[in-house]
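Q: I would like the atomic coordinates for the input below:
(chains A and B)
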Number of protein chains: 2
Amino acid sequence: MKLIANANDLSIALNQVIKATSTKTTNPILEGILLKASAGTLTMVATDLEIAIERTLQADVKVEGETVVAGRLFTDFMRKIDSEQVELTLLEGKLKIKYGDNESFLQVFNANDFPPVAELTEAQTFSIVRKELKDLINKIKFSVCLDDSRPILKGALLEVSDITLTGVALDGYRLAKCTKAIEKTTAMMSAIVPSRALVEIANLLDDTEDLVEVGVQKNYILVSLEHTKLTARLLDGEFINYRQIIPTEFTSTVIVPKDIFESSIERALLLAKAEKTYLVKFDIKDDMMYITSNSEMGTISEQVPVKLSGKDMSIAFNARFFLDLLKPTNVDHIQIKMNEQTQPGIVVPSGAVEDEFLYLILPVRIMN
Amino acid sequence: MKLIANANDLSIALNQVIKATSTKTTNPILEGILLKASAGTLTMVATDLEIAIERTLQADVKVEGETVVAGRLFTDFMRKIDSEQVELTLLEGKLKIKYGDNESFLQVFNANDFPPVAELTEAQTFSIVRKELKDLINKIKFSVCLDDSRPILKGALLEVSDITLTGVALDGYRLAKCTKAIEKTTAMMSAIVPSRALVEIANLLDDTEDLVEVGVQKNYILVSLEHTKLTARLLDGEFINYRQIIPTEFTSTVIVPKDIFESSIERALLLAKAEKTYLVKFDIKDDMMYITSNSEMGTISEQVPVKLSGKDMSIAFNARFFLDLLKPTNVDHIQIKMNEQTQPGIVVPSGAVEDEFLYLILPVRIMN
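A: Coordinates of the predicted model:
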């Protein structure tokens, strides 16, 4: 193997591929990056057996061949190179790196030992605008369950209908659901995508109107871009029937100014987090929301002018769940729809496209 | 106690004072901030018994008095307030905080339980331009010893002569020394200032030509600015006689381009750090410096064109020590002066004022 590539382009490509290497493994080859040189192209592959990222790069290939290098070391090394071009040569069982007047040598692994990446030859596929898929993932990913109590909730459900993609993530305390139009699909399908794959898919996507093709086949999902492919193993099992959790009628609806509400909650959480419950109480009446939190360190009480339709309401939430939604959201108002103290509340940011996004939070039971 | 203050100014002041609170103590009052209101001034004090920071702020004091609040909670709370003014009232054993239409209450401690801060009534004092003292600290602080093997080295030596202040820090492997002119002094003096106090002093200093007064009295140092005073306990004992460590004659002097050298070392360290020795070898001859590092993961070898005066040299250093100096230093060249493989090398950044700054690194012994 021998090739010449642009050092900066190679560094950018490696920084994408490295995300799929394993960081905690006893098998060093899973920390490696496979380099394959053939016909004007250098292909880089990394996998931890759960996800795989494959990236191609134009290169001046002098001798075809393949090898595996230590992923973190090679990526860090390339990031710190300041010459414009780099020459990579497999030489006497080492990778020679020539940059400027310097030559360094890295140990390699046998490419035959590198695990194969699943090929999705019979996948059903759908296409969606890249920035829409990225937005969908970013709007649901924080609600994925982090603990191991229900493994199926460590992924998000993606459901494809004729014309839409719906993503749902829930952790037993809150649920986020986002629906986007798709360009076309070969079939109705659904997949439960692990949280980590979800995040890496969003990282690969840009904010353009260009399309991305997503394939689903048995236990795998494949996301294809020009130079990059991400393959991930899906979670196996039945997702929770989330539709029955979402209420459709409400006795109280309140419109709340987002910035004031957010900063009130942040202050209230200063005490609530000391108790590790994050419990904040909300009393809504006469177009005013009274927000209180208590701990042995003090009492924080705030009032936020709101617009209430329906019944007065006293309810308590883990207020961190509000912040997860509000922090990255740039809107004037949010709407909170509720029934009783023990029923979930639904939060809708103002300006949200009807039925596009929904966020549900279970209340915390309190004594009246 | 009752007063009205500008919320933003109060927040800035608290962020300075909070640095002196203890973060790991079983005595909660050391996590507190003392608030004293009297005659148009709110004074805030925090101390962990090692250092104390006292800060004054103009305030509309309605009722004089004092109390102690939980430092972190109060500081975070004030940072998150968006009203312009805040009213603080000691009411029924709690601190009432009124901001806009909201009122919150924090628990307080008894001000009588707050530890007294040392008063330096008989201190010898010197004055120095603030940005010069800040620069001196920043040039030596990274060489302070971090482990407990020799407690006296966990501080830096400050020596005041008639006309200069010299700061010295060393950790057994390297030494940094910086000398600055002072404005005036009441006496020759020396003090061993703990690393943490050193860092907090630098944080308080601005980059102006204004003077700062520093007082030393027995076991304490006092740094006074308009609204802020920092008092710190000194380390007790004899500092190492550093003068005898510093060689004054050299057999080899080499002028090295800083950026190229730095980036070569960064690459070399990628392998050296895998071995946790950080050992990098330097061979200098024919106006070329050959930099190599090895580990079981590979070999990195680089060459840097240099200007050598004197004998050829083969020597090895813990290369991290170079980076500590080079990273924050913006110069074209550095000069490295050496004798033998086993003798310390001295690094001088180009443009350094003669005798102002010196950095010494002990080599690592290697087999030839």
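
Q: What parts of the stretch 251-368 of chain A come near chain B?
A: Within the stretch 251-368 of chain A, the residues that sit near chain B (C-beta under 8 Å from any C-beta of the partner chain) are A:263-264, A:266-267, A:270-271, A:274, A:296-303. Placement of C-beta: from N, CA and C, glycine included.

Q: Drop anything exposed from these.
A: Buried subset of these (neighbour count, 16 or more other C-beta atoms under 10 Å in any protein chain shown): A:263-264, A:266-267, A:270-271, A:274, A:297-303.

Q: Quick one: mark the members of the residues you listed that sit in strands.
A: A:298-303 (DSSP state E).

Q: Redo the residues you listed as TSV? Include pLDDT and distance to residue B:333.
A: Below are these laid out as TSV (pLDDT from 0 to 100; distance: C-beta to C-beta, whole Å):
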residue	pLDDT	distance to residue B:333
A:298	94	58
A:299	94	62
A:300	94	57
A:301	94	62
A:302	95	59
A:303	95	63
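
Q: got the residue ranges for the strands in the stretch 251-368 of chain A?
A: A:252-257, A:279-285, A:288-295, A:298-305, A:307-310, A:313-318, A:333-338, A:345-349, A:357-361 (DSSP state E, counting those that start in this stretch).

Q: The longest helix seen in chain A relative to strand A:279-285, how many degrees between them?
A: Among the segments of chain A that qualify as a helix by DSSP state H, the longest is helix A:258-272. If you take axes from the mean of the first three to the mean of the last three C-alpha atoms, to 10 degrees, helix A:258-272 sits at 140 degrees to strand A:279-285.

Q: Now tell me what touches helix A:258-272 from outside.
A: Applying C-beta atoms under 8 Å, 6 or more residues apart in numbering or on different chains, the external contacts of helix A:258-272 come out as A:278-280, A:289, A:291-295, A:297-300, A:302, A:304-305, A:319-320, A:322-323, A:326-327, A:329, A:331-334, A:349-350, B:73, B:76-77, B:80-82, B:102, B:104.

Q: Quick check: bridge partners of residue A:314?
A: As for beta bridges, residue A:314 partners with residue A:283 under DSSP bridges.

Q: er, residue A:334 actually
A: Applying DSSP bridges, one finds that residue A:334 bridges with residue A:256, residue A:349.

Q: Next, count neighbours for it.
A: 22 (other C-beta atoms under 10 Å in any protein chain shown).

Q: Can you tell me how far residue A:174 is from chain B?
A: 23 Å (C-beta to the nearest C-beta, to the nearest Å).

Q: next one: residue A:144
A: Following C-beta to the nearest C-beta, the distance that separates residue A:144 from chain B is 28 Å.

Q: mind listing what that residue touches?
A: Contacts of residue A:144 by C-beta under 8 Å, 6+ apart are A:153-156, A:169, A:171, A:195, A:198.

Q: Now do the same contact list for the most centrally placed residue in chain A.
A: Geometric centre of chain A, nearest residue: residue A:199, 2.6 Å, by C-alpha atoms, centre = their mean. Residues in contact with residue A:199 (C-beta under 8 Å, 6+ apart) are A:137, A:141.

Q: what about the helices in chain A?
A: A:7-17, A:71-79, A:130-140, A:195-204, A:258-272, A:320-326.

Q: Residue A:87: what's its closest spatial neighbour, skipping adjacent residues?
A: residue A:98 (4.0 Å; C-beta to C-beta, 6 or more residues apart in numbering or on different chains).

Q: The one you found and residue A:91 touch, don't they?
A: No. Using C-beta atoms under 8 Å, residue A:98 is not in contact with residue A:91; the gap is 10.3 Å.
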